[in-house]
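[1] Following is a predicted model, sequence given first.
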Amino acid sequence: MSISVRNVSKRYGDFVALGDVSVEVAQGSLTALLGPSGSGKSTLLRVIAGLETPDSGSVFIGDKNVTGQPPQQREVGFVFQHYAAFKHMTVHDNVAFGLRIRKRSKAEIKDRVAELLELVQLNGLAHRYPSQLSGGQRQRMGLARALAVDPSVLLLDEPFGALDARVRTELRAWLRRLHDETHTTTVIVTHDQEEAMEVADEVVVMHRGNIEQVAGPRDLYEHPANEFVMSFVGQVNRLGDTFVRPHDLELTLEPNGTTQEAIIERIVHLGFDVRVELVRDDGEKLSVQLTRDEAERLELENGQIVFVKPTRQTTFAAGA
Amino acid sequence: MHKIGLRIIAIGYLVAILIAPLGYVYYETFAHDAWSAWHALTDPNTIHAFKITLIAVLIAVPLNTVFGVACGLAIVRRRFPGKGILNAFVDLPLALSPVVVGFSLYLLYGRNGWFGHFLFAHGIQVLFATPSIVLATTFVSVPFVAREVIPTLREVGDEQEKAAHTLGASSWQAFWRITLPTIRWAVIYGVVLTTARCLGEYGAVAVVSGAIQGKTETATLRVQEEYENLNLPGAYGISLALAAIAVLVLILMTRLRPKEGAHA
């Protein structure tokens, strides 16, 4: 079902966690709430789930105003960053919890849990306790538990934040496939722009309790609404009033009138990419991203003088 | 060398402070006059005293268990004015001498006390009767369950409860299915400590009960009675029975306790 958040605000003492936030999440979409810590993204997710009460504003799930409803009546699935596994229950009982609360028959619970454990590839581990699982397995259990009750919306709060990089990448791809199969409206909170871009159809960028921009991943990268969004989704160099991505800078060994002179301070090899860090004579630092082939062709060395020119740049209106 | 030294100090201390006196009671009872001890134990007044103690335990322990869990949940999970005061007051019985507790109950329920005045008018006898013993026992054993439960509740946090809510559980269901199983060991330890404290209560009960033989005497008061009557074997015997119950409770607790590092 769709989600509609209308003029929601939330304060903790003097701290404004959400300042008059409105956002629409389309039915069947996978939306990411992206922002640095303290940007209000988790608070917004918890307001949607009913785990936090907003000071003002309203939340709709589908056509229903759920603002005053406690979480148990909202039919949402929630996945926690630190799993919130029921430690005294087996994997099977964790997944069955919501079904038991709904007093489903034993046979139905058995079938549904088996189906879900299959889906999250935990079949065979049904009788283990959460303490006997790895982090990735625990989080898959958390997902199965949330999906068991066929939630109208699935809400994930930094679900992969506590996992190591490889497992995180795997689960991300797996979540995307799962969504493509089930089409459950999904909202995922993350501070990792790469994760948001990779997994989501729509990205909501948040900063200091407000929404800075709502756009698809490509639009967000190519047409950022302001300086904050541009610098948060990807690396950026600042040249006076204009902003340039590291891969939108061209490096040459000879000046050609429009180029600027700089000295190579450091060359970092990142596999396919090579990052070259430069200093201009006015002390301004620049970062340039080249492919390995380009870097080899130019035969770059530390301390060498080179010339840079932006191939694509962005300027924001003053005050943006 | 260093480790052996520490071990000797620890064991030596326990022997001197705990095991020697208990062992001596055991020795005195059986080595000299086991028959007198048995006689004192089976005396109707002694049996009655144990019954009174049992009644006090059976009322005080469930009351303080329910209160302790509720109080722990309120202190850890809720925000309300006066929370700090509640938190401090829970510990009051630990800081207060039982004699002072007994004396304050004596004043409150006495003929001219706030409650006593009203109760006397309605013909209800509290002082020098079983109700006062129950009250005093309950008072001194208030803190134990709450003190065990509070750190455990803090440590586990409320995410599991929140997860239960998002899965459709009401507060009541989340309490029975999630919170209580999670803190069950803390509750059990609390219950064991509360029971031990109730069994051993002497000071407050001594003041309010009047220690009337065969009527308002508890097991610990009975020990004192036998001691004053110079029936030392009798006093030893009853002491031994009390100590045996305490040791039994402790053994039970150790058997129930999950192995350290194990799951669940």
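    Perfect, thanks for sending it. Numbering: from 1, shown residues only, chains lettered A, B, ... in the order given.
[2] how near is residue A:35 to residue A:26?
    In this structure, residue A:35 and residue A:26 are separated by 20 Å, where distance is defined by C-beta to C-beta, to the nearest Å. The way it works is simple: take the backbone N, C-alpha and C, and place the C-beta from them, glycine included.
[3] Please say which of the two ends up with more neighbours.
    Summary of the neighbour comparison: residue A:35 and residue A:26, criterion other C-beta atoms under 10 Å in any protein chain shown, with residue A:35 having more neighbours (27 against 12).
[4] and the more buried one, what does it touch?
    Taking C-beta atoms under 8 Å, 6 or more residues apart in numbering or on different chains, we find residue A:35 in contact with A:41, A:191, A:205, A:206, A:207, A:232.
[5] What about the second one, how many residues nearby?
    Meaning residue A:191. Residue crowding around residue A:191 was assessed by other C-beta under 10 Å; the count is 18.
[6] just checking, it touches residue A:36?
    Yes - shown here, residue A:191 and residue A:36 form a contact pair, counting by C-beta atoms under 8 Å, at 6.0 Å.
[7] Most neighbours out of the contacts of residue A:35, which is it?
    Scoring the contacts of residue A:35 on neighbours with other C-beta under 10 Å, the highest-scoring entry is residue A:41 at 29 neighbours.
[8] quick one, what contacts it?
    Contacts for residue A:41 (C-beta under 8 Å, 6+ apart) come out as A:33, A:34, A:35, A:189, A:190, A:191, A:204, A:206.
[9] mind putting those in a markdown table, secondary structure and pLDDT included?
    Formatted as a markdown table, the contacts of residue A:41 follow (DSSP: H, G, I helix; E, B strand; the rest coil; pLDDT from 0 to 100):
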| residue | secondary structure | pLDDT |
| --- | --- | --- |
| A:33 | strand | 97 |
| A:34 | strand | 96 |
| A:35 | coil | 95 |
| A:189 | strand | 97 |
| A:190 | strand | 95 |
| A:191 | coil | 94 |
| A:204 | strand | 97 |
| A:206 | strand | 97 |
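[10] and which of these is nearest chain B?
    residue A:189 (14.5 Å; C-beta to the nearest C-beta).
[11] in the stretch 201-320 of chain A, which spans are strands?
    The residue ranges that make up the strands of the stretch 201-320 of chain A, judged by DSSP state E, counting those that start in this stretch, are A:202-207, A:210-215, A:237-239, A:242-244, A:249-252, A:260-270, A:273-280, A:285-291, A:305-310, A:314-315.
[12] Quick one: list the elements packing against the longest one.
    Pointing back at strand A:260-270 there. Identification of packing neighbours for strand A:260-270 by 3 or more C-beta pairs under 8 Å, 6 or more residues apart in numbering or on different chains; DSSP states H and E yields strand A:273-280, strand A:305-310.
[13] For the residue lying closest to residue A:249 once chain neighbours are set aside, give me its contacts.
    The spatial neighbour of residue A:249 that comes closest, neighbours along the chain excluded (C-beta to C-beta, 6 or more residues apart in numbering or on different chains), is residue A:288 at 4.6 Å. In this structure, residue A:288 makes contact with A:246, A:247, A:249, A:251, A:275, A:276, A:277, A:278, A:308, judged by C-beta under 8 Å, 6+ apart.
[14] For the nearest residue to the fifth one once chain neighbours are set aside, list the residues it contacts.
    Pointing back at residue A:275 there. Ranked by C-beta to C-beta, 6+ apart and with sequence neighbours excluded, the top spatial neighbour of residue A:275 is residue A:268, at 4.3 Å. Residue A:268 makes contact with A:274, A:275, A:276, A:277, according to C-beta under 8 Å, 6+ apart.
[15] cool, and residue A:47?
    Contacts for residue A:47 (C-beta under 8 Å, 6+ apart) come out as A:5, A:8, A:10, A:18, A:53, A:54, A:59.
[16] out of those residues, which is most surrounded?
    residue A:18 (27 neighbours).
[17] That one: what's it in contact with?
    When contacts are taken as C-beta under 8 Å, 6+ apart, residue A:18 is in contact with A:8, A:9, A:10, A:40, A:43, A:44, A:47, A:54, A:209.
[18] if we can go back for a sec, dump the helices and strands packed on strand A:260-270 into CSV; add distance to residue A:99 as well.
    As requested, these are exported to CSV (distance: least, C-beta to C-beta, whole Å):
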stretch, distance to residue A:99
strand A:273-280, 48
strand A:305-310, 58
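[19] who's in contact with stretch B:98-118?
    Residues from elsewhere that reach stretch B:98-118, judged by C-beta under 8 Å, 6+ apart: B:93, B:119-120, B:126-127, B:132, B:135-136, B:139-140, B:201-208.
[20] Check which residues of the helix or strand bottoming out on mean pLDDT in chain B are buried.
    Confidence across the helices and strands of chain B bottoms out at helix B:20-31, with a mean of 80, counting by mean pLDDT, DSSP states H and E. The neighbour-count check on helix B:20-31 (16 or more other C-beta atoms under 10 Å in any protein chain shown) flags B:25, B:28, B:29 as buried.
[21] Which residues of chain B lie near chain A?
    Counting by C-beta under 8 Å from any C-beta of the partner chain, the residues of chain B close to chain A are B:159-160, B:162-170, B:173, B:177-178, B:181-182, B:263-264.
[22] Got a ChimeraX select line for the buried ones in those?
    To isolate the buried subset of the residues of chain B next to chain A in ChimeraX, counting by 16+ other C-beta under 10 Å, use the following:
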select /B:160,162,163,164,165,166,167,168,169,173,177,178,181,182
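[23] Counting only helices, which of the residues of chain B next to chain A make the cut?
    Here DSSP state H is the test, and the residues of chain B next to chain A give B:159, B:160, B:162, B:163, B:164, B:165, B:166, B:173, B:181, B:182 as lying in helices.
[24] Pull up the per-residue confidence for the residue of the stretch 1-150 of chain B found nearest chain A.
    Using C-beta to the nearest C-beta, residue B:79 is the residue of the stretch 1-150 of chain B that sits closest to chain A, at 12.1 Å. At residue B:79, the predicted lDDT confidence score is 89.
[25] Next: residue A:286.
    We note a pLDDT of 89 for residue A:286 in this prediction.
[26] looking at the sheet around the residue nearest to it when sequence neighbours are not counted, what are its partners?
    Once its chain neighbours are removed from consideration, residue A:286 has its nearest residue in residue A:278; the separation is 4.4 Å (C-beta to C-beta, 6+ apart). Beta bridges link residue A:278 to residue A:264, residue A:286 when assigned by DSSP bridges.
[27] and residue 59, what does it touch?
    Picked chain A for this. Here residue A:59 is in contact with A:3, A:4, A:5, A:6, A:8, A:47, A:48, A:65, A:66, A:67 (criterion: C-beta under 8 Å, 6+ apart).
[28] you looked at the wrong chain, it should be chain B
    Counting by C-beta under 8 Å, 6+ apart, the residues that residue B:59 touches are B:134, B:137, B:138.
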